[in-house]
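Peer 1: for reference, the sequence and a predicted model appear below.
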Amino acid sequence: MKAVVYKGHGEIALEERPKPELIEETDAIVKVTLTTICSSDIHIKHGAVPKAVPGTVLGHEFVGVVTETGSGVKKVKPGDRVSVNVETFCGECFFCKRGFVNNCTDKDGGWALGCRIDGGQAEYARIPFADNGLTVIPDHVTDEQALFNGDILSTGYWAANIGEIKPADTVVVIGAGPTGLCTMMCARLYSPARIIAADTDEYRLNLAKERGLADITLVSGRDDIEKEIRKVTDGRGADTVFEVAGGDDTFEMAWKIARPNGIVAVVAMYEKPQILPLPDMYGKNLVFKTGGVDGSFCREIMDLTACGRLDASFLITHRCSLDDIMTAYDIFENKRDHVIKYAIRV
Ligand SMILES: [Zn+2]
Ligand SMILES: [Zn+2]
């Protein structure tokens with residue numbers, strides 16, 4: 001079968017690989033129907049994910065049809081249309097029992113798919129702990145609507161949850177890329193007074209506004225973001241700030257624009273260490289939260305998709321087949337042609 005393989009040293013390639021087989025009785029094999037590229041794949045390519053193992057098939061955000069299940073799989077069966085969770089988790093260890101599935105202590109636990117074990121930029125994928133890692137897609141939900149369930153939508157949903165948003169709060173999302181837009185969409189579920197989106201890319205900000213995800217948009221480098229946020233919060237700052245950009249100065253922006261006792265949720269994956277200047281923020285009494293999504297909400301997200309409350313399919317700006325995925329990587333990595341997300345037919 002065809003698969004995108006991480007070769008190490010900044011290199012990836014579309015290669016011929018053997019079709020995966022069941023290994024554990026809790027595994028399932030999924031025939032991939034639609035897959036996508038995530039910015040985490042680009043981080044792997046750049047060598048910025050130390051856990052990534054060269055030789056691994058990439059891809060951790062995809063949907064497909066179950067073709068085989070091990071004898072221990074109870075919740076899914078061959079023929080089921082499913083979305084795949086970015087995280088693999090046993091459901092039984094200390095962390096899983098508390099919902100912290102990103103830190104599952106199983107050898108394949110956490111973000112393993114498309115990083116340490118073969119993922120879904122391929123014709124088939126083996127899914128360990130299939131009962132936990134697969135979510136059945138209702139008939140009236142399309143593959144495109146379900147594509148982001150297990151990764152960026154899970155991340156937005158988890159972020160909004162740890163952001164502890166109260167009704168009528170002011171929420172700032174720094175970064176209007178795919179995950180930032182999902183974070184805004186999920187933050188809406190908590191009825192904040194306003195969502196302010198900040199980014200360098202006006203096209204993405206306009207999309208956030210058009211889609212009703214952001215009430216106010218601020219362009220980094222053009223607008224005085226700190227001043228504008230103080231203006232709409234009686235000088236206090238934002239109640240919750242989501243840092244979803246991972247830029248050179250966005251971590252600093254995040255804590256500066258948060259109000260005293262506010263929450264700063266760091267969702268971004270940085271390629272470089274960040275500085276936490278504690279003397280400058282002393283007395284501000286901020287709460288920092290960092291992640292690693294705990295992808296344990298796929299069922300809820302699917303239910304919200306099925307009833308029309310969450311629909312991330314508008315993020316798909318580009319479509320192609322698996323044969324053309326290397327061109328898609330080039331366009332996605334270099335943010336050409338206003339790309340937000342690809343849907344790649346397999
Ligand atoms: Zn991802
Ligand atoms: Zn576990």
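Peer 2: Cool, the structure landed. Ligands and ions are numbered 1, 2, ... in the order given.

Peer 1: show me where the stretch 151-300 of the chain has helices.
Peer 2: All helices of the stretch 151-300 of the chain, identified by DSSP state H, counting those that start in this stretch, fall at 152-162, 178-187, 202-210, 225-232, 250-257, 278-281, 298-306.

Peer 1: looking at those helices, which has the lowest confidence?
Peer 2: Lowest mean pLDDT within the helices of the stretch 151-300 of the chain: helix 278-281, at a mean of 93.

Peer 1: and that one, what's buried?
Peer 2: residue 281 (16 or more other Cβ atoms under 10 Å). Heads up, the C-betas are built off the backbone N, CA and C, glycines and all.

Peer 1: residues making contact with it?
Peer 2: With contacts defined as Cβ atoms under 8 Å, 6 or more residues apart in numbering, helix 278-281 is touched by residue 255.

Peer 1: how far off centre is it?
Peer 2: Distance of helix 278-281 from its chain centroid, counting by Cα atoms, centre = their mean, to the nearest Å, is 30 Å.

Peer 1: could you dump it to CSV, C-alpha only?
Peer 2: What follows is helix 278-281, C-alpha atoms only, in CSV (Å, rounded to 0.1, in the frame of the first residue of the first chain):
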residue,chain,number,x,y,z
LEU,A,278,8.4,35.4,36.6
PRO,A,279,9.6,38.8,38.1
ASP,A,280,7.6,40.7,35.4
MET,A,281,4.4,38.8,36.2
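
Peer 1: what parts of the stretch 1-150 of the chain come near ligand 1?
Peer 2: Proximity of the stretch 1-150 of the chain to ligand 1 (Cβ under 5 Å from the ion) is limited to residues 38, 40.

Peer 1: residue 86 versus the spatially most central residue of the chain, what's the distance?
Peer 2: Geometric centre of the chain, nearest residue: residue 152, 2.3 Å, by Cα atoms, centre = their mean. Going from residue 152 to residue 86 by Cβ to Cβ, to the nearest Å gives 9 Å.

Peer 1: where do the contact lists of those two overlap?
Peer 2: Joint contacts of residue 152 and residue 86 (Cβ under 8 Å, 6+ apart) are residue 61.

Peer 1: residues from the protein in reach of ligand 2?
Peer 2: 89, 90, 93, 96, 104.

Peer 1: pLDDT wise, what is the closest residue to the third one other than its chain neighbours at?
Peer 2: Leaving aside its sequence neighbours, residue 93 sits nearest to residue 105 (Cβ to Cβ, 6 or more residues apart in numbering; 4.5 Å). At residue 105, the pLDDT value in this model is 97.

Peer 1: quick one: contacts for residue 105?
Peer 2: 90, 93, 94, 95.

Peer 1: show the buried residues in the residues you listed.
Peer 2: 90, 93, 95.

Peer 1: now the helix or strand hosting residue 131: mean pLDDT?
Peer 2: Taking DSSP states H and E as the criterion, residue 131 maps to helix 130-133. For helix 130-133, mean pLDDT rounds to 97.

Peer 1: and for residue 257, the neighbour number?
Peer 2: Residue 257 has 25 neighbours, counted by other Cβ atoms under 10 Å.

Peer 1: wait, isn't it in contact with residue 225?
Peer 2: Yes. Counting by Cβ atoms under 8 Å, residue 257 touches residue 225, with 6.5 Å between them.

Peer 1: residue 50: neighbouring residues, count only.
Peer 2: For residue 50, using other Cβ under 10 Å, the count is 5.

Peer 1: what pLDDT does it get?
Peer 2: pLDDT, residue 50: 89.

Peer 1: could you measure from it over to residue 271?
Peer 2: When Cβ to Cβ is applied, the distance between residue 50 and residue 271 equals 11 Å.

Peer 1: same thing with residue 54?
Peer 2: 18 Å.

Peer 1: picking up where we left off before, ok, the residue nearest to the centre of the chain - contacts?
Peer 2: Counting by Cβ under 8 Å, 6+ apart, residue 152 has contacts 38, 61, 178, 179, 182, 312, 315, 341.

Peer 1: show me where the stretch 1-150 of the chain has helices.
Peer 2: Going by DSSP H, counting those that start in this stretch, the stretch 1-150 of the chain shows helices at 39-45, 94-97, 130-133, 143-146.

Peer 1: lowest average confidence across the ones you listed, which one?
Peer 2: That would be helix 39-45, which, of all the helices of the stretch 1-150 of the chain, carries the lowest mean pLDDT at a mean of 93.

Peer 1: quick one: list the elements packing against that one.
Peer 2: strand 11-16, helix 325-333 (3 or more Cβ pairs under 8 Å, 6 or more residues apart in numbering; DSSP states H and E).

Peer 1: can you give me the end-to-end distance of stretch 148-168?
Peer 2: Start-to-end span of stretch 148-168 (Cα to Cα, to the nearest Å) is 28 Å.

Peer 1: gap between the residue in the stretch 151-300 of the chain that ligand 1 sits nearest to and ligand 2?
Peer 2: Closest residue of the stretch 151-300 of the chain to ligand 1, Cβ to the ion: residue 151 (4.3 Å). In this view, residue 151 and ligand 2 are 19 Å apart by Cβ to the ion, to the nearest Å.
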